[in-house]
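Undergrad: Can you look at this prediction? I've put the sequence above it.
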Amino acid sequence: MNPLPGIREKEHLRAHYTDRPGLYQLQLRLKKYLKAAAGRPVVLLCIGTDRSTGDSLGPLTGTKLDGKGLSGLTVVGTLEKPVHAENLESTLKNLFAKYCNPYIIALDACLGQLDSVGYISLAEGPLKPGTAVKKELPEVGEIHLTGIVNINGFMQYMVLQNTRLSIVWQMSEVLCNLFQRTYFLLNQS
């Protein structure tokens, strides 16, 4: 079915963290979004907690990127200062008070089907954090990145607690490299 004229469907792209051509496509799409946000402060909001292996993708990536000092990118949410369900609303209030019209990129781990584990998605529109664990949290971001770290199903808290650190670590490395390469390309153009 084709969308109605004048109504644009939100773009969604995904690639496995080991798929180099797919990751390159993610990089190109991220670059496109960042170019469109020119002149606005860009904030990468890394959501998650260091108290759960599966939910640590955001703060782990935030910590790695924060140390890179990418010009034009503000990273919020690290292992030391995570952004999670209890402080998400206050973090958003602080961001909107500190930055005029920020371009927020939300990043979070999520659960999915078995054959989707290891995939990283980049999509337009806000992220709905906490849905896997039935939490009502504010939607956030103009675009968002998610990493499927484990399977969804019964007892999501236990699944997140028992997610292998290896996959979370590797996905955070890929996400860090994705941002580094994208900002390198942006600075070259």
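TA: On my side now, so go ahead. Here the structure is a predicted model, which is why all the values come from computation and not from measurement. Numbers count the residues shown, from 1 in each chain.
Undergrad: Need the residue closest to the centroid of the chain.
TA: Geometric centre of the chain, nearest residue: Leu107, 1.8 Å, by Cα atoms, centre = their mean.
Undergrad: Surely Leu137 is in contact with His84?
TA: No. Leu137 is beyond contact range of His84, at 9.3 Å (criterion: Cβ atoms under 8 Å). For every residue, glycine as well, the C-beta is placed using N, CA and C.
Undergrad: Looking at these two, which is more packed in?
TA: Applying other Cβ atoms under 10 Å to Leu137 and His84 shows that His84 carries more neighbours, namely 21 against 18.
Undergrad: where's that one relative to Ser90, distance?
TA: According to Cβ to Cβ, to the nearest Å, His84 and Ser90 sit 11 Å apart.
Undergrad: again, but for Arg40
TA: According to Cβ to Cβ, Arg40 and Ser90 sit 22 Å apart.
Undergrad: neighbour-wise, which of these two wins?
TA: Each of Arg40 and Ser90 has its neighbours counted (other Cβ under 10 Å); Arg40 has more, 16 against 10.
Undergrad: Quick check: beta-bridge partners of the nearest residue to that one once chain neighbours are set aside?
TA: Residue nearest to Arg40 in three dimensions, not counting chain neighbours: Tyr103, with 4.4 Å by Cβ to Cβ, 6 or more residues apart in numbering. For Tyr103, the beta-bridge partners are Val42 (DSSP bridges).
Undergrad: Verify the stated contact: Tyr103 with Val43.
TA: Yes. Contact criterion Cβ under 8 Å: Tyr103 and Val43 qualify, at 7.0 Å.
Undergrad: Need the overlap of contacts for the two.
TA: Residues touching both Tyr103 and Val43 (Cβ atoms under 8 Å, 6 or more residues apart in numbering): none.
Undergrad: any idea how far Lys93 is from Leu160?
TA: 27 Å.
Undergrad: Check Ala106 too.
TA: Per Cβ to Cβ, Ala106 is found 16 Å from Lys93.
Undergrad: Could you pick out the longest helix of this protein?
TA: The residue-count maximum for a helix in the chain (DSSP state H) belongs to helix 165-188.
Undergrad: Could you list the buried residues of that one?
TA: Buried residues in helix 165-188, counting neighbours by 16 or more other Cβ atoms under 10 Å, are found at 167-169, 171-172, 174-176, 178-180, 182-183, 186.
Undergrad: And for stretch 82-92?
TA: In stretch 82-92, counting by 16+ other Cβ under 10 Å, buried: Pro82, Val83, His84, Ala85, Leu88, Thr91, Leu92.
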